[in-house]
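A.B. asks: My questions are about this predicted structure, shown below with the sequence.
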Amino acid sequence: MAQPIDDVKPVGGHDHRRFLLAVGSMFAASGLALANWFPRIPETRAALGLSYDALGLALFGLAAGAMVSMPITGWLIGRVGSRGIALIVGPAAMVSLALVPLGPSLLALAGSLLLFGGLIGSMDVAMNSNATAGEKRFGRPLLSRLHGLFSAGTLAGAIMGGAAAAADIPLAVHLGAVAVALALLLVLTCNGLVRDAPDRALARPAFSLPRGPVLALGIVAFAALLIEGAMGDWSAVYLRDRFLAGPEMAAAGFVMFALAMTASRFAGDWLIGKIGNLATVMRAAGLLIVMGMGLVLAGPSAAWTLPGFLFVGAGASVVFPLTIRAAAGIGSLGAGAGIAAVSVAGYTGLLVGPPLIGLLASWIGLRGALGLLMLLGLTVLLFAGRFGRD
């Protein structure tokens with residue numbers, strides 16, 4: 001965890017601008033890479049003739065790769081620092097995107113997603129670690145805006161992916177061009193990342209599971225990021241299968257979700273400062289998720305579901321950052337351990353959510369499986385009282 005930055009003298013100038021360009025490019029590229037793939041999932045499923053549970057199994061490759069690579073990357077950062085790792089895994093993750101559409105079978109698709117997920121997960125740890133190192137060096141809070149850039153990348157990627165699908169651009173050509181462009185961007189910009197010293201304390205595996213008061217926060221974090229992952233992988237499939245939506249409309253659901261996520265994350269700090277009471281913000285977020293999923297599941301046409309996707313995105317966007325803030329304030333476990341425990345729970349939801357939806361859909365249908373997201377919104381409402389005033 002980064003040290004407090006309040007007592008660090010701010011540093012500006014050329015190095016600061018180069019760092020912002022470098023780390024901002026990594027966050028945006030990560031979102032772009034993932035979201036260009038999301039709108040093309042329905043046609044991949046159709047091309048390979050995959051059932052819901054088979055698609056869920058393939059998508060679990062993405063989750064499994066990230067779950068394996070993240071702790072290993074944390075260990076390596078403790079040995080050598082985050083900059084060197086980010087310089088390698090960033091461009092490599094972008095290139096691996098080009099391999100996803102080349103698999104002619106379920107096994108090949110799962111394997112390519114395993115590689116892509118592993119490299120994206122490693123990139124996520126490295127870029128966040130370097131961002132916190134940059135906060136310490138330059139004495140300026142950056143993480144909120146950087147995560148906003150990730151959301152902006154997902155929004156842009158969803159629009160690009162939907163447009164490529166609508167134009168019938170072959171999947172291999174589309175993702176190959178995106179992969180090359182993003183890899184080149186990172187090669188050209190990432191030298192601006194800060195040189196952080198290895199931290200031997202991070203070189204020892206340290207897993208902290210939620211317990212006591214942090215358990216409730218972990219449940220909320222799990223719910224929020226599961227919703228985010230499920231929206232990314234299944235929204236286009238849902239609109240295509242239920243309403244026979246064309247490529248543009250199938251992609252529009254995730255575009256609406258990502259648009260709301262992006263706007264809300266950039267405005268979130270201001271909004272929380274105005275309201276002050278975190279429990280009130282959390283209740284509003286849970287209510288938006290429940291209302292939004294109600295519209296998504298009950299809408300009589302694809303167009304009627306779009307406001308629902310907006311509501312879900314607006315609600316889910318603020319939940320995970322609030323759990324991190326609340327976990328840092330629980331003294332019985334310690335800020336570092338609390339944040340680590342909540343992060344583990346949240347990213348578990350993000351990674352296992354999409355394959356879980358696929359398995360449920362094979363039993364009760366995709367519409368019924370997505371009803372789980374409404375229950376998760378109710379969970380956020382149920383635990384909102386655990387969040388006190390800011």
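C.D. replies: That came through, no problem.

A.B. asks: Domain-wise, how is the chain divided?
C.D. replies: For the chain, automatic domain parsing gives the domain ranges 13-194, 208-390.

A.B. asks: thinking Ala86 is in contact with Ala133, fair?
C.D. replies: No: applying CB atoms under 8 Å as the test, Ala86 and Ala133 come out as separate, 10.5 Å apart. In short, each C-beta sits where N, CA and C put it, glycine included.

A.B. asks: and Gly157, what is it in contact with?
C.D. replies: By CB atoms under 8 Å, 6 or more residues apart in numbering, the contact list for Gly157 reads 31-36, 38, 178.

A.B. asks: name the element it belongs to?
C.D. replies: Gly157 belongs to helix 143-166 when assigned by DSSP states H and E.

A.B. asks: So what's the gap between the helix or strand just after that helix and the chain middle?
C.D. replies: Sequence-wise, the next helix or strand downstream of helix 143-166 (DSSP H and E) is helix 171-189. Distance of helix 171-189 from the chain centroid (CA atoms, centre = their mean, to the nearest Å) equals 20 Å.

A.B. asks: Pretty sure Ala165 sits against Pro247.
C.D. replies: Yes: between Ala165 and Pro247 there is a contact under CB under 8 Å: 3.7 Å.

A.B. asks: overlap in contacts of those two?
C.D. replies: Shared contacts of Ala165 and Pro247 (CB under 8 Å, 6+ apart): 39, 43.

A.B. asks: I'd like to know which elements the helix or strand hosting Ala46 is packed against.
C.D. replies: Per DSSP H and E: Ala46 is located in helix 41-48. Applying 3 or more CB pairs under 8 Å, 6 or more residues apart in numbering; DSSP states H and E, one finds that helix 41-48 makes contact with helix 106-138, helix 213-243.

A.B. asks: what's the angle from the helix or strand that it is followed by to helix 106-138?
C.D. replies: Next in sequence after helix 41-48, counting helices and strands by DSSP H and E, comes helix 52-80. Per axes from the mean of the first three to the mean of the last three CA atoms, to 10 degrees, the angle that helix 52-80 makes with helix 106-138 is 40 degrees.

A.B. asks: quick one: contacts of stretch 229-238?
C.D. replies: The contact list for stretch 229-238 (CB under 8 Å, 6+ apart) reads 34-35, 38-39, 41-42, 45, 55, 59, 154, 250-251, 253-254, 257, 296, 309, 312-313, 316, 349-351, 353-354, 357-358, 361, 366-367, 369-370, 372-373.

A.B. asks: List buried residues within those residues.
C.D. replies: Among the contacts of stretch 229-238, those classed as buried by neighbour count (16 or more other CB atoms under 10 Å) are 34-35, 38-39, 41-42, 45, 55, 59, 154, 250-251, 253-254, 257, 296, 309, 312-313, 316, 349-351, 353-354, 357-358, 361, 366, 369-370, 372-373.

A.B. asks: So which of the residues you listed are in helices?
C.D. replies: Counting by DSSP state H, the buried ones among the contacts of stretch 229-238 place 34-35, 41-42, 45, 55, 59, 154, 250-251, 253-254, 257, 296, 309, 312-313, 316, 349-351, 353-354, 357-358, 361, 366, 369-370, 372-373 in helices.

A.B. asks: Pick out the lowest-pLDDT one from the contacts of Gly157.
C.D. replies: Among the contacts of Gly157, Phe38 carries the weakest pLDDT, at 84.

A.B. asks: hang on, the earlier thing: pick out whichever of the contacts of Gly157 sits closest to Leu119.
C.D. replies: Ala33 (9.7 Å; CB to CB).

A.B. asks: Name the nearest residue to that closest one, sequence neighbours excluded.
C.D. replies: Of all residues not flanking Ala33 in the chain, Leu97 sits nearest, at 5.1 Å (CB to CB, 6 or more residues apart in numbering).

A.B. asks: separation between that neighbour and Thr73?
C.D. replies: Separation of Leu97 from Thr73 (CB to CB, to the nearest Å): 18 Å.

A.B. asks: What of Val214?
C.D. replies: 23 Å.

A.B. asks: Gly192 now?
C.D. replies: Distance, Gly192 to Thr73, by CB to CB: 20 Å.

A.B. asks: Counting neighbours, go ahead and name the busier of the two.
C.D. replies: Thr73 (24 against 20; other CB atoms under 10 Å).

A.B. asks: The more buried one and Leu119 touch, don't they?
C.D. replies: No: between Thr73 and Leu119 there is no contact under CB under 8 Å: 9.9 Å.

A.B. asks: That concludes my questions; thank you for your assistance.
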